[in-house]
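> Structure for this input, please:
(2 chains)
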Amino acid sequence: MSNAAQTSATGLAVDNVSFAYGEGDTILRRVALEVPEGQFLTLLGPSGSGKSTLLRLIAGLEAPTDGRLAWQGATITGPGIDRAVVFQNYSLFPWLKVEDNVALAVAKAHPKLSRAERREKARDYLGRVGLADAAGKYPFQLSGGMQQRAAIARALALEAPVLLMDEPFGALDPINRGKLQDLLLEVWQSTSPRRTIVFVTHDVDEALYLGDRVAVLGASPGRVLAQIEVPFERPRNRARLFASPAFHALREDIAERLDADVLSGLAAA
Amino acid sequence: MSESLALEGEALASPLVDKTPRQGRSAPHSGLFPALLSRLPAWEAVALWAVLFLAWQGSTYFIDQSANPLLPGPRIVAEALWESLPELWKGTVSSFFILAPGYLLAVAAGVALGLVAGIVPGVGRGLFPFAKVAAPIPPTVYIPYAIAVLPTFHLSATFVVFIGAFWPVFQNSAAGALAVEGRHRDNARVLGFSRLETLVKVVFPASLPHIFSGAAVGLGFSFILLTVAELFGANAGLGRFVQYYADFADYPRMVAGILYTGLVTWLAMTGLDKLRHKALFWVR
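Model (predicted):
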């Protein structure tokens, strides 16, 4: 098994990764995933499946107890500005104006810019997510949806090839969630080359609407139950997609796998 | 009328939440009145001041004011205060040049060392056990030694003020750095911040609530130590003023000095509180 570490040199590789906090319970067991460059992967799983932990491992915020993670063939040993992260509802520093929050990321992507140039670039990014008017406000003056827009702008401003998102729309109302999903797709599709995205969610519809591929995780311990290619053409039309039989069949299939995992977990306990 | 009263109550309760002008409501004073009301102290506080003052004034009926009493009445004290103002002002300036350098140096050193001890484990392991022993020592006990060892009174008093303010600032800053939320650390890390950047851009602002608590306690200690040090060996200053006239049994001036010192202390504390309010606008 010495060839186990052989991973493709491009894209993101999660190679038989296990994780536990100290001597505690195993959170992830032998997770293996590959995300080709430019792909939009959604990580779908119930709570306890370790999906957020897996994202933190990819971000380099945690180190695996076993196995290896790599981006473009290079082992991930810590956080790096080649991987931008959007957290569920706490990506911004509350003591800085929105534009200054974004400018922090601009400064990392373009260290040589002057302060004024950074601000201008930050406003550019805020304009792209529809927040041009809120640049001078503080995070606590914004709604949850606007804060997540700003967090996306900050992640984009890092100009990282990898975008990691941890249930970024989980705390939003359905209307705002839909708007931000479309915004994310629009931004992703309009840049070339496309970013590699790993998007954590517990919402089956969201996983299917956004992803090129869905990795379904089971709980206790977290592991990959299935990897499902999402065959729908882009750009996707939400209403038509959600009404199509193919979408329902896929949805059903995933729900059944998740239910089976819950039942087998109960039987084992 | 009852409607406008309810509105005022609402505006008072949540001055930050809703700042949209209430148009179309016919309460001509509803804009100015709550703003004015919120600046006034509560009536209970006013009542306490009034009771205390009346008790003081009332005491003059029972204490003979012509025999240099230990508690002179308000009018005599007011006269003494008025006459002493130039001297008190000179004393304030003299005290300020001890307090300001000692306190500001203590805040700068306390914040810097406290934050570093909070985020660099090795420094913390070295400093915290020492702080545990050194911090509880009442700083007043250093005064005689400082006066004996250091070449001038000004220097020794500044040193004592420094020590008094340093530990509370240090301890609160360290507590603030240790309490920085994981999310802020995560964000600093994914943004690729260096250790120094994390300290300056994340740990320092995130610790400001703790730092201001320490700074307030430290300022209180500074005034105590300043005045106590001045009792020992100063030739000017607020503490020295009170001590000097007490030695001559000039109680009107002594009481005037106490009241004046109280006022100066209150002003300094209020100034710090205003600064805190301004700096911590983002804390909910």
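> tell me the contacts of B:Arg189?
Going by C-beta atoms under 8 Å, 6 or more residues apart in numbering or on different chains, B:Arg189 touches A:60-61, A:78-79. (C-beta placed from N, C-alpha, C; glycine too.)
> repeat that with 10 Å
With contact taken as C-beta atoms under 10 Å, 6 or more residues apart in numbering or on different chains, B:Arg189 is in contact with A:59-61, A:78-80, A:85, B:198, B:202.
> Could I get the pLDDT score of it?
Note on B:Arg189: pLDDT of 95.
> next one: B:Arg39
Per-residue pLDDT puts B:Arg39 at 71.
> ok, how many other residues are close to it?
For B:Arg39, the neighbour count with other C-beta atoms under 10 Å in any protein chain shown is 7.
> how about the residues of chain A that lie near chain B?
Contact residues, chain A versus chain B (C-beta under 10 Å from any C-beta of the partner chain): A:56, A:59-61, A:78-96, A:101, A:104-105, A:107-109, A:138-141, A:151, A:154-155, A:158, A:160, A:164, A:166.
> just checking, what packs against the lengthiest helix in chain A?
Counting residues, the longest helix in chain A under DSSP state H turns out to be helix A:245-268. Secondary-structure packing of helix A:245-268 (3 or more C-beta pairs under 10 Å, 6 or more residues apart in numbering or on different chains; DSSP states H and E): strand A:40-44, helix A:204-210, strand A:213-218, strand A:223-229, helix A:238-243.
> give me that answer again for 7 Å
helix A:204-210, strand A:213-218, strand A:223-229 (3 or more C-beta pairs under 7 Å, 6 or more residues apart in numbering or on different chains; DSSP states H and E).
> winner for burial among those?
Of those, the one with the most neighbours on average (mean count of other C-beta atoms under 10 Å in any protein chain shown) is strand A:213-218, at a mean of 23.
> what's in contact with that one?
A:33, A:39, A:41-45, A:49-51, A:207-208, A:223-230, A:254, A:257-258, A:261 (C-beta atoms under 7 Å, 6 or more residues apart in numbering or on different chains).
> neighbouring strands for it, and are they parallel or not?
strand A:40-44 (parallel), strand A:223-229 (antiparallel) (DSSP bridges).
> Now restrict the residues of chain A next to chain B to buried residues only.
Buried by 16 or more other C-beta atoms under 10 Å in any protein chain shown: A:56, A:59-61, A:79-80, A:82-96, A:101, A:104-105, A:107-109, A:138-139, A:151, A:154-155, A:158, A:160, A:164, A:166, out of the residues of chain A next to chain B.
> so of those, which ones are in helices?
Using DSSP H, these in helices are A:56, A:59, A:101, A:104-105, A:107-109, A:151, A:154-155.
> Farthest-apart pair in those residues, please.
Using C-beta to C-beta, these span at most 24.0 Å, a distance reached by A:Arg56 and A:Ala107.
> What pLDDT is listed against A:Pro235?
For A:Pro235, the model assigns a pLDDT of 89.
> What are the neighbouring residues in contact with residue 65?
Going with chain A. A:Thr65 neighbours (C-beta under 7 Å, 6+ apart): A:18-20.
> To clarify, I was referring to chain B.
Taking C-beta under 7 Å, 6+ apart, we find B:Gln65 in contact with B:72-73, B:76.
> Quick one: find the helix or strand in chain B with the lowest mean pLDDT.
The weakest-scoring helix or strand in chain B, judged by mean pLDDT, DSSP states H and E, is helix B:2-13 (a mean of 35).
> Chain A too?
Lowest-scoring helix/strand for chain A, mean pLDDT, DSSP H and E: helix A:245-268, at a mean of 89.
> which other residues reach that one?
Residues outside helix A:245-268 that contact it (C-beta under 7 Å, 6+ apart): A:44, A:46, A:204, A:208, A:214, A:216, A:218-220, A:225-226, A:228, A:241.
> which of these has the weakest pLDDT?
Among the contacts of helix A:245-268, A:Ser220 has the lowest pLDDT, at 81.
> so it, which of the three states?
Three-state call for A:Ser220 (DSSP: H, G, I helix; E, B strand; the rest coil): coil.
> measure it to A:Val230 for me?
Distance of A:Ser220 to A:Val230, computed by C-beta to C-beta, to the nearest Å: 26 Å.
> And the longest helix along chain B, how far out from the chain middle?
The single longest helix within chain B, with elements called by DSSP H, is helix B:74-119. Remark: helix B:74-119 is offset 10 Å from the chain centroid, using C-alpha atoms, centre = their mean, to the nearest Å.
> and what of stretch A:151-169?
Relative to the centre of its chain, stretch A:151-169 is centred 8 Å away, using C-alpha atoms, centre = their mean.
> quick one: terminal-to-terminal distance for it?
11 Å (C-alpha to C-alpha, to the nearest Å).
> and B:Ala67, what pLDDT?
Value for B:Ala67, per-residue pLDDT: 80.
> That one should be in a strand, yeah?
No. Under three-state DSSP, B:Ala67 sits outside any strand and is assigned coil.
> Phi, psi for it please.
Per-residue torsions, B:Ala67: phi -110, psi 40 (degrees, to the nearest 10).
> Please report how far the residue nearest to B:Gly233 when sequence neighbours are not counted lies from A:Val86.
Nearest residue to B:Gly233, sequence neighbours excluded (C-beta to C-beta, 6 or more residues apart in numbering or on different chains): B:Phe153, at 4.8 Å. Distance from B:Phe153 to A:Val86, counting by C-beta to C-beta: 60 Å.
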